[in-house]
Each structure stands twice: as C-alpha cells, then as structure tokens.
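> requesting a structural model of the entry that follows:
(chains A and B)
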Amino acid sequence: MIDRQEFRRSFDEMGAALARRGIDTIDPDGPWGRARALDVRQRELKSQAEALQAERNRVSKLIGQKKSNGEDASAELAVMGEVSRQVKALESQAKEAEAAFNAVLMEIPNPLHESVPNGASEDDNVELRRWGVPREDEVPPHWDIGADLGILDFEAGATLAGSRFTVLKGAAARLERALMQFMLNTHVDEHGYEEVWVPAIVNRKTMTGTGQLPKFEDDLYKLEGEDAFLIPTAEVPVTNLYQDQILNAEILPIRHCAYTPCFRREAGSAGRDVRGMIRQHQFDKVELVHLTTTERALSDLETLTGHAEAILQALKLPYRLIELCGADVGFSAQKTYDLEVWLPSQQCYREISSCSSFGQFQGRRAGIRYREEGGKPQPVATLNGSGLAIGRCLVAILENGWQSDGSVMIPEVLRPYMGGMQQIV
RNA sequence: GGAAGGGUGGCAGAGCGGCUGAAUGCACCGGUCUUGAAAACCGGCGAAGGUAACACUUCCGUGGGUUCAAAUCCCACCCCUUCCGCCA
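Numbers count the residues shown, from 1 in each chain, chains lettered A, B, ... in the order given. Sure, this is the predicted structure:
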C-alpha cells in the first residue's frame, strides 16, 4: 500500500512513477483520480464527525460530574439525544468514505523505483549480464528427455489432476528432493539464512498483507467454504510471519529461506507452455525473504540476487540477469531482477528466479514495522526472490546435462544428495 | 465435531457503565547514589490520525446494538487454550 501522507504531499510525483507502469493517472475516473476525490471526501467527513464527537464527549463528561454531585442534568440530557444521533450518522458516513478510499488504495500498485528502466512490455527488459557458456547443439525438449528416461510422466499427472500437473518418478523425484535440500543447505550454511517451514494455506488477511489480494483473487486457489487460499509462493506466509508486529531495529535484517509447494491457477496464461513442466499449477520452490530497512533495501536486493545466482553457478547452469522494465514489474514490487536459465531445446533463456524489492509497500500493508531506539515505528522494507524454482531447475538440468546417448549428467554438487549417482540413464 | 475457559499496552496482568488510554509488575529510557557496576530511590515510557506546537479524534479480538456516556451491558462472528472425540 502506498503511503497516505506521501499520496497527499507528492500526488504528482507518485502519479508519474505509476504512469511508467502504464497506469492512467490523468483520467479523474481512473483509480488515481478517484483516490484523490475519495480522500478529500473522507477527510471532510472525518473532521466533521470528530468535531461532533468532541462535543459529545465534553457534555457527557459534564453530565457525569453533575450526576455524581447530585445536580440536575436534564438540560444537557435533552440536547444530547439529538447530538448523539448526529454523531452516529456522521461516524458511519465517515467510516464508509474511509473504506471506499482504502479499497482504491489497496488496488494501486507500488510506484516504481527511479532506477527502473522505462518500457512498454517485457521486450524492453534490460539484460545486465550473462554467466556461463550456453550450449548451442540440438537438444530435445525436457519432456522428451524425461519420457525417454521414464522419469517424467505427464499422462499420469493429467489423469490424477488435469493439465499442468506432472508426476516425477525415480531419479527425477529424487532430483527434485536433492535440489530442495541443496538449495536450503546452501542458503542456511553459506548465506546465513534462517530456515522456516510454514503453512501452504493462509487466510485472507495474510494474502492481503503481501499484495496478492484483493486484486488477484482469480490467480489463486480458494478453499471451498472457507476464507482461505493455497499459497502461490512462500513469500506470503514467510513475510507475514511478522504481520502487525513492531520489531526492534537491532534484529534487522531478518533473512529467512523456506521450501514450500506453490499453487497457481495460471488463469491468464492459457495456451502458454502447455507442454512439459515449465508452467505448472503446483510446483516446488525455495524462497528467500528479507526484512530490512528502507535505506538498505536496494543494496540488499543485490545481495539477495547474488544468493540466487550462487545456486545456478554451483549447478553450472548458464544464465543471464535481466532488470524488468516499468511495464513488467509486478504489482507490489518497486524494482525486480529476473534470473533466466538457458534452455538449449528452446535456444533461449527462461525465468527461473524473480528477485524484488518491495520498499515499504508490503510492510505498510501487513503492519510490519520497526523502531529505532527512541524513534517512532516505521514500516519495514521487504524483499524476496526465488532461490530457486525447483521444477524449472530440474528442467534446466535435464536439458543442459543431456548427452547424445540419451542420458543426463547430474551436476557434481547434487551427487551426494543422489546417493552418488553421476548420471541418469 | 462436543464441552469449558479466555482474547486488554513489548510481555505478564487488573479493571467489568462516567473520575480509565487504562492499576500493578517486568522490560526499556533518563536521573540520583557509586571509582565503576548491581541494588535502592526519583522520573519517563502504547499505536494511528491531526497540529507549527498544543488542542482534538480513534483504538481494550472483529462487526453490530443499548445508553447522554461502553474495555465494562446485549447480540453475532473470528481466534486461542484445555478436556473429550477423531486422526498422520
């Protein structure tokens, strides 16, 4: 959520940062224009209500004093009936107006950080660097590699659950588990993260805190008969671990890593990546989450991204780092780097990690604040990034490790987790 | 699912119609004392809006109601704890 004070003080500057996302900030009936109008109305009604509340409180106190002194208070009581009715009416109007203002605010995305490049679509994302040497020989798609080896079963996934579900067997199942272990161990032992294990079902409030709700309910799996949802990413429960808390500044930065399954309806991506396991309704991911100060947010984003890169490097998977342009940065983020891994069958790089700084946006929404010694509470800055998406990582290993005899070389760092297995045959 | 108890400031915990934004203790901050520390003593110490600063307003799980006045009374809901049932 954007800051109300800043919204009033810097309406035009904020609007400009939002316009870079392609949002209409000129139209008075658009969200930006409506927010302004609703704020004015909300504040008017609130100050009217408050003035009358003050009167009510003053006279009520007087009545109490008179009564306890045995004096007559009937004159005051006579007028207060009406005053009280008016207070109630104004209170509920003010409440409604504030709720309306809030509802609009909740649907306004995070203004972009000034360093984010302009752009009209994902085609304008900026490549920052590449690592590793992509193989350019012909490699079959992972679904063929996996089917030939008998370790990926897409038909079984479809039978059990539908499209975009896959069953892993044998070496693939173990590889999935090995990747999870390797990633978590690396982040805990080498990067200093504290591991957490969290629920994969959360309530509406939690989902709202990180920004998935109210705007993106269609992307989520909702539980029948309950106001609860399957998480689309560990970001949601892990960040919200601290919802409505005031933290001591000394404990920042907080760095958590977590494995969770992730569930996405992929409502808007019909027809994209329908084959294989690039885009699944359920997938595994190890996530990195930082809670830090606003001053540190941007430099911590570099650190976090580096931790995700370290995994790719250890697995010796070629990748590139891109910075998302204004049109492509997600709703809650102020700045985002994507890591894209080389997929030889497609001869292109595909997203395998997304690392974002959210500034105070989520901290404000989720009520996560911190206090410097003697200072006032202020929202924490949050960051998160995949470290990494496990299913896509498995795909990359199958394709990059594929050999012309049909076998797949297992990256060295994973072999201890694979019972010493060097290749999948 | 059934029964009972309970949700109050960073924590613990009183209050159960007006003098209560809230006793008390702990924690924390400042001071006195001390070579220093501890102890003791004195003072301060919730959040949000609002203001130049005050004033003022709101907040005692959430929502509604009664009343001139609600943390306190009434209704509904949510959550937690314990016991029983069920169960990995």
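
> for whichever residue of chain A sits closest to RNA strand B, give me its contacts.
For chain A and RNA strand B, the shortest gap (CB to the nearest atom of the strand) falls at residue A:64, measuring 3.0 Å. Every residue, glycine included, has its C-beta placed from N, CA and C. Applying CB atoms under 8 Å, 6 or more residues apart in numbering to residue A:64 gives no contacts.

> quick one: what helix or strand has it in it?
Remark: residue A:64 resides in helix A:31-68, with elements defined by DSSP states H and E.

> repeat for residue A:312
Taking DSSP H and E as the definition, residue A:312 sits inside helix A:297-314.

> off-centre distance for the helix or strand following that helix?
Beyond helix A:297-314 on the C-terminal side, the first helix or strand identified by DSSP H and E is strand A:319-323. When distances are taken as CA atoms, centre = their mean, to the nearest Å, strand A:319-323 is centred 20 Å away from the chain's centroid.

> what residues does strand A:319-323 touch?
A:116-117, A:125-132, A:305, A:309, A:312, A:335-342, A:349, A:352.

> given that strand, what are its sheet partners and their directions?
strand A:126-131 (antiparallel), strand A:335-343 (antiparallel) (DSSP bridges).

> report the angle between the axes of that strand and helix A:297-314?
Taking axes from the mean of the first three to the mean of the last three CA atoms, to 10 degrees, one finds strand A:319-323 and helix A:297-314 inclined to each other by 160 degrees.

> dump strand A:319-323 to CSV, keeping only the CA atoms.
Coordinates of each C-alpha in strand A:319-323 appear next as CSV, following Å, rounded to 0.1, in the frame of the first residue of the first chain:
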residue,chain,number,x,y,z
TYR,A,319,22.0,-17.9,-17.1
ARG,A,320,21.5,-14.2,-17.6
LEU,A,321,20.4,-11.4,-15.3
ILE,A,322,17.8,-9.0,-16.5
GLU,A,323,16.2,-6.0,-15.0
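
> how about the residues of chain A by RNA strand B?
Contact residues (CB under 7 Å from any atom of the strand) of chain A with RNA strand B: A:4-5, A:46, A:49-51, A:53-54, A:56-61, A:63-64, A:67-68, A:77, A:80-81, A:83-84, A:87, A:92, A:95, A:246, A:369, A:371, A:373-374, A:376-377.

> list buried residues within these.
Buried members of the residues of chain A next to RNA strand B, scored by 16 or more other CB atoms under 10 Å, are A:46, A:49, A:56, A:59, A:63, A:80, A:83, A:87, A:369.

> turn the residues you listed into CSV, including distance to residue A:262 and pLDDT.
Rendered in CSV, the data for these read as follows (distance: CB to CB, whole Å; pLDDT from 0 to 100):
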residue, distance to residue A:262, pLDDT
A:46, 41, 91
A:49, 44, 92
A:56, 51, 92
A:59, 57, 91
A:63, 59, 89
A:80, 57, 89
A:83, 55, 89
A:87, 48, 90
A:369, 28, 90
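
> related to what we said a few turns ago, buried among the contacts of strand A:319-323? Need that as a selection in ChimeraX.
This is how ChimeraX selects the buried members of the contacts of strand A:319-323, with burial counted by 16+ other CB under 10 Å:
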select /A:116,117,125,132,305,309,312,335,336,337,338,339,340,341,342,349,352
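
> my guess is residue A:187 contacts residue A:387, does it?
Yes: the pair residue A:187 / residue A:387 is scored as a contact, 6.0 Å apart, by CB atoms under 8 Å.

> more crowded one of the two?
When residue A:187 and residue A:387 are compared for neighbours, residue A:387 comes out ahead with 29 against 25, by other CB atoms under 10 Å.

> gap between the strand or helix carrying the more buried one and the chain center?
Per DSSP H and E, residue A:387 falls inside strand A:381-389. Taking CA atoms, centre = their mean, one finds strand A:381-389 lying 8 Å from the centre of the chain it belongs to.

> quick check: next helix or strand after that strand?
Going down the chain from strand A:381-389, the next helix or strand is helix A:390-400, by DSSP H and E.

> angle of that following helix against strand A:381-389?
Put simply, helix A:390-400 runs at 40 degrees to strand A:381-389, going by the same axes, to 10 degrees.

> how about the contacts made by residue A:352?
Contacts of residue A:352 (CB under 8 Å, 6+ apart): A:312, A:319, A:339-341, A:386, A:388-389, A:392-393, A:396.

> equivalent analysis for residue A:134, please.
A:318, A:342, A:344.

> which residues in chain A form helices?
Counting by DSSP state H, chain A has helices at residues A:4-9, A:11-19, A:31-68, A:74-106, A:142-149, A:154-160, A:170-189, A:204-209, A:235-239, A:297-314, A:361-366, A:390-400.

> nearest to residue A:260, out of the ones you listed?
Proximity to residue A:260 (CB to CB) singles out helix A:235-239 among those, at 7.3 Å.

> by contact count, what packs against the closest one?
For helix A:235-239, the elements it packs on are helix A:204-209, strand A:254-263, strand A:282-292, strand A:381-389, judged by 3 or more CB pairs under 8 Å, 6 or more residues apart in numbering; DSSP states H and E.

> how about stretch A:90-100: buried residues?
Neighbour-count burial for stretch A:90-100, counted by 16+ other CB under 10 Å, picks out A:90-91, A:93-94, A:97-98, A:100.

> for the residues you listed, give me TSV that also has pLDDT.
Formatted as TSV, those follow (pLDDT from 0 to 100):
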residue	pLDDT
A:90	90
A:91	90
A:93	90
A:94	89
A:97	89
A:98	90
A:100	89
